[in-house]
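*Asks:* Quick check, what structure comes out for this input:
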Amino acid sequence: MTAVQILLAYATDLCCGDPRWLPHPVRLIGFVAASAEKLCRKMGSSPSAMLVLGSLVALVIPAGAAVTTWFLLKEISRVSAWAGWSVAVAIAYTTLSARSLDQAAQGVINRLKQAKIIEARRALAMIVGRDTQNLDEPEIVRATIETVAENTSDGVVAPFFYMMLGGAPAAVAYKAINTLDSMFGYKNERYLYFGRASARLDDVANYLPARLTAVLVTVGALLSGLSWKNSIRIVLRDARSQPSPNAGFPEAAYAGALGIRLGGANSYGGRTVQKSYIGDAGRELTIKLQPETRRLLYTTSLLAVGVSVAGIAIFRWIRCI
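*Replies:* Here you go, the predicted structure:
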């Protein structure tokens, strides 16, 4: 992709977000993945069979998504170079979620501002995997900031990172990996074996983007007037304390920049999971944190655009040497 295409994809995301009426590749990937799971479970049910079949699904669907996207763009470009260029921008845009992430988080906070805590819990349940029906306001705010932090990596920095490396096909492949992990990457009886490869592949795909996100959030904190030094300190101290090898990095960067403590006990399907704390409890978890969180999200997204554009320029310079 070109720098102009990446800028247009980002601008489209800021303008349009993710309207429900718009056909979205992730929904198609999810449908294919669910169909693949049904087929695989008819083919075998033993742990070894689930492990092998789940591994095939984890590899074939992202590869198929990338090849399909590449072939589609190639065929469209044969008819019209301009159409191919434009469709690449449109596809790249669908892999981004800065505005939809902001809107979802703002929807939760707005309900808290109106003292509609039950509605806030329901809105939160749409964007997190934990149980929300008994959460009080501080826990709702914590969950909201945690999902903004994690999805700054998954929905903003990582797609730009893969666009820089391989254009729209690579970004779509990444979203396929991310989707499979969100569907199958659970350590429960149903997905312990079938989803293992999906979870591991997602860990690999997010290894560099998660750490890049921590760096960009720290720089974003500096530009936003937040505590960039504390962001660095908390990342170095707490980022590796979480069960996920990646999620702790963006969360630690946000926690340090905002001067808050994230992590702790979460409930999943009625089962409480205690995670290590991230950051220090210097400030209360209230709705007053939302403007700073939004500012940090958008500043980081702009930095991610800058890094991807700079990366493309460097790659082209190297090829010209």
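*Asks:* residue boundaries of the helices in the protein?
*Replies:* Assigned by DSSP state H, the helices in the chain fall at 3-16, 25-43, 47-79, 81-94, 98-113, 117-125, 137-152, 158-184, 196-224, 228-238, 248-258, 290-320.
*Asks:* Which positions in the third one come out as buried?
*Replies:* Spelled out, that is helix 47-79. Applying a neighbour-count criterion of 16 or more other CB atoms under 10 Å, one finds 50-55, 57-58, 61-62, 65-66, 69-70, 72-73, 76 buried in helix 47-79. C-beta: built from backbone N, CA, C; applies to glycine.
*Asks:* on that earlier part again, any idea which of the helices of the chain gets closest to A265?
*Replies:* helix 137-152 (9.1 Å; CB to CB).
*Asks:* Next, the angle from that closest one to helix 290-320.
*Replies:* Interaxial angle, helix 137-152 versus helix 290-320 (axes from the mean of the first three to the mean of the last three CA atoms, to 10 degrees): 10 degrees.
*Asks:* ok, and what's touching helix 137-152?
*Replies:* Identification of contacts with helix 137-152 by CB atoms under 8 Å, 6 or more residues apart in numbering yields 97, 101-102, 105, 108-109, 112, 117, 120-121, 124, 127-128, 130, 132, 135, 213, 217, 247, 250-251, 253-255, 258, 260, 262, 264, 266, 284-287, 289-290, 293, 297, 300-301.
*Asks:* Separate out the buried members of the residues you listed.
*Replies:* 97, 101-102, 105, 108-109, 112, 120-121, 124, 127-128, 130, 132, 135, 213, 217, 247, 250-251, 253-255, 258, 260, 262, 266, 285, 287, 289-290, 293, 297, 300-301.
*Asks:* where's the residue of the chain most remote from its centre relative to I314, distance?
*Replies:* No residue in the chain sits farther from the centre than I321, which is 35.3 Å out by CA atoms, centre = their mean. Distance of I321 to I314, computed by CB to CB, to the nearest Å: 11 Å.
*Asks:* Pull stretch 20-38 out as CSV, backbone CA atoms only.
*Replies:* Output in CSV follows, covering the C-alpha atoms of stretch 20-38 (Å, rounded to 0.1, in the frame of the first residue of the first chain):
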residue,chain,number,x,y,z
ARG,A,20,-23.8,-2.1,11.2
TRP,A,21,-25.3,-2.0,7.7
LEU,A,22,-21.9,-2.1,6.0
PRO,A,23,-20.7,-5.6,4.9
HIS,A,24,-17.6,-6.4,7.0
PRO,A,25,-14.9,-8.9,6.3
VAL,A,26,-14.7,-9.9,9.9
ARG,A,27,-18.3,-11.0,9.9
LEU,A,28,-17.6,-13.2,6.8
ILE,A,29,-14.5,-14.6,8.5
GLY,A,30,-16.5,-15.3,11.6
PHE,A,31,-19.1,-17.1,9.6
VAL,A,32,-16.5,-19.2,7.8
ALA,A,33,-14.8,-20.0,11.1
ALA,A,34,-18.0,-21.1,12.7
SER,A,35,-18.9,-23.3,9.8
ALA,A,36,-15.4,-24.8,9.9
GLU,A,37,-15.7,-25.6,13.5
LYS,A,38,-19.0,-27.5,12.9
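*Asks:* for it, which positions count as buried?
*Replies:* Buried residues in stretch 20-38 (16+ other CB under 10 Å): 25-26, 29-30, 32-33, 36-37.
*Asks:* Stretch 267-275 too?
*Replies:* K275.
*Asks:* Tell me how far it lies from the chain's centre.
*Replies:* Distance of stretch 267-275 from the chain centroid (CA atoms, centre = their mean, to the nearest Å) equals 22 Å.
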